[in-house]
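*Asks:* A predicted structure for the sequence below; I have some questions about it.
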Amino acid sequence: MPVDPSAVKTWANLVTVARVLIAPLMLVLIPDDRAGSWAAFALWFVLCSSDGIDGYLARRHGATTLGAFLDPLADKILVLGAMFILVANDTFWIVPVAIVTARELLISLYRTFVASKGVSVPASKVAKWKTFVQQLAVGFAIMPITAQDATWLWIWLLWISVALAVISGGQYVYRAMRGVTVEPDPANAI
């Protein structure tokens, strides 16, 4: 049964709120060294997988305006929070993380600006892939097996996510310059 887009209490929103509330625990579990942590990786895997679960629930039962706001917020808290910690412990280099952060801030500001005019900016396929590759980069950087012995893997994934961030950011700028707008649709505003 479809839910009202203004609904607050939905299963999808519950999963998303849980992701936001559990994110600080995840960030605390990331070790101070490059050794990785099975506990951090396991929780990272669960939180990243739950992103797909809340998306499935929103598509099946109907998306809400609150969910459209909270889902990308949860992604940003998790991904950028983990990346900042990995920069602080000298695992990730600051340059790719700064590029990703700048893109996220600019696109979030743009979305907020156009949302005030009643316009939804759905996530492109490239942006969805960007988030997935960022999750993989962090996951492999904190998983003990790959944290030290396969640094090439997560370094490549991090730089691929930077490329996808720049490409998807460019798509949003291009659409904005062409005046392409989308009618409000909370299901796609990720």
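*Replies:* That came through fine.
*Asks:* Only C-alpha atoms from now on, for both contacts and neighbour counts.
*Replies:* OK.
*Asks:* Where does pLDDT dip in this protein?
*Replies:* For the chain, applying pLDDT under 70 flags the ranges 1-2, 4-7, 120, 180-190.
*Asks:* what's the residue closest to the geometric middle of the protein?
*Replies:* Central residue of the chain (CA atoms, centre = their mean): residue 75, 3.0 Å from the mean position.
*Asks:* and that residue, what element?
*Replies:* Secondary structure from DSSP states H and E places residue 75 in helix 65-88.
*Asks:* which of the residues in that helix are buried?
*Replies:* If you call a residue buried by 16 or more other CA atoms under 10 Å, then helix 65-88 has these buried ones: 65-68, 70-87.
*Asks:* in the helix or strand containing residue 113, what's buried?
*Replies:* Residue 113 is located in helix 94-115, with elements delineated by DSSP H and E. By neighbour count with 16+ other CA under 10 Å, helix 94-115 contains the buried residues 96, 97, 98, 100, 101, 103, 104, 107, 111, 112.
*Asks:* can you put those residues in TSV and add distance to residue 132?
*Replies:* Formatted as TSV, the buried residues of helix 94-115 follow (distance: CA to CA, whole Å):
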residue	distance to residue 132
96	16
97	15
98	18
100	13
101	16
103	16
104	14
107	17
111	20
112	23
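*Asks:* with those residues in mind, which one is nearest to residue 35?
*Replies:* Looking at these and their distance to residue 35, the nearest is residue 97, at 20.1 Å (CA to CA).
*Asks:* In this protein, what residue spans correspond to helices?
*Replies:* Ranges of helices in the chain, per DSSP state H, are 11-29, 38-61, 65-88, 94-115, 125-142, 144-147, 151-178.
*Asks:* So which of the ones you listed is nearest residue 3?
*Replies:* Of those, nearest to residue 3 by CA to CA is helix 38-61, at 6.0 Å.
*Asks:* Output the closest one as PDB, restricted to C-alpha atoms.
*Replies:* Taking Å, rounded to 0.1, in the frame of the first residue of the first chain, the C-alpha atoms of helix 38-61 are listed here in PDB:
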ATOM      1  CA  TRP A  38      36.800  -6.700  11.100                       C
ATOM      2  CA  ALA A  39      34.300  -5.100  13.400                       C
ATOM      3  CA  ALA A  40      34.400  -1.800  11.400                       C
ATOM      4  CA  PHE A  41      34.200  -3.700   8.100                       C
ATOM      5  CA  ALA A  42      31.200  -5.800   9.300                       C
ATOM      6  CA  LEU A  43      29.300  -2.700  10.400                       C
ATOM      7  CA  TRP A  44      30.300  -0.800   7.300                       C
ATOM      8  CA  PHE A  45      29.000  -3.700   5.200                       C
ATOM      9  CA  VAL A  46      25.700  -3.800   7.100                       C
ATOM     10  CA  LEU A  47      25.200   0.000   6.800                       C
ATOM     11  CA  CYS A  48      26.000   0.100   3.100                       C
ATOM     12  CA  SER A  49      23.700  -2.800   2.400                       C
ATOM     13  CA  SER A  50      20.900  -1.200   4.400                       C
ATOM     14  CA  ASP A  51      21.100   1.700   1.900                       C
ATOM     15  CA  GLY A  52      19.800  -0.700  -0.700                       C
ATOM     16  CA  ILE A  53      17.200  -2.000   1.700                       C
ATOM     17  CA  ASP A  54      15.700   1.500   2.400                       C
ATOM     18  CA  GLY A  55      15.700   2.200  -1.300                       C
ATOM     19  CA  TYR A  56      13.900  -1.000  -2.000                       C
ATOM     20  CA  LEU A  57      11.300  -0.200   0.700                       C
ATOM     21  CA  ALA A  58      10.800   3.300  -0.600                       C
ATOM     22  CA  ARG A  59      10.300   2.100  -4.200                       C
ATOM     23  CA  ARG A  60       7.900  -0.600  -3.100                       C
ATOM     24  CA  HIS A  61       5.800   1.400  -0.600                       C
END
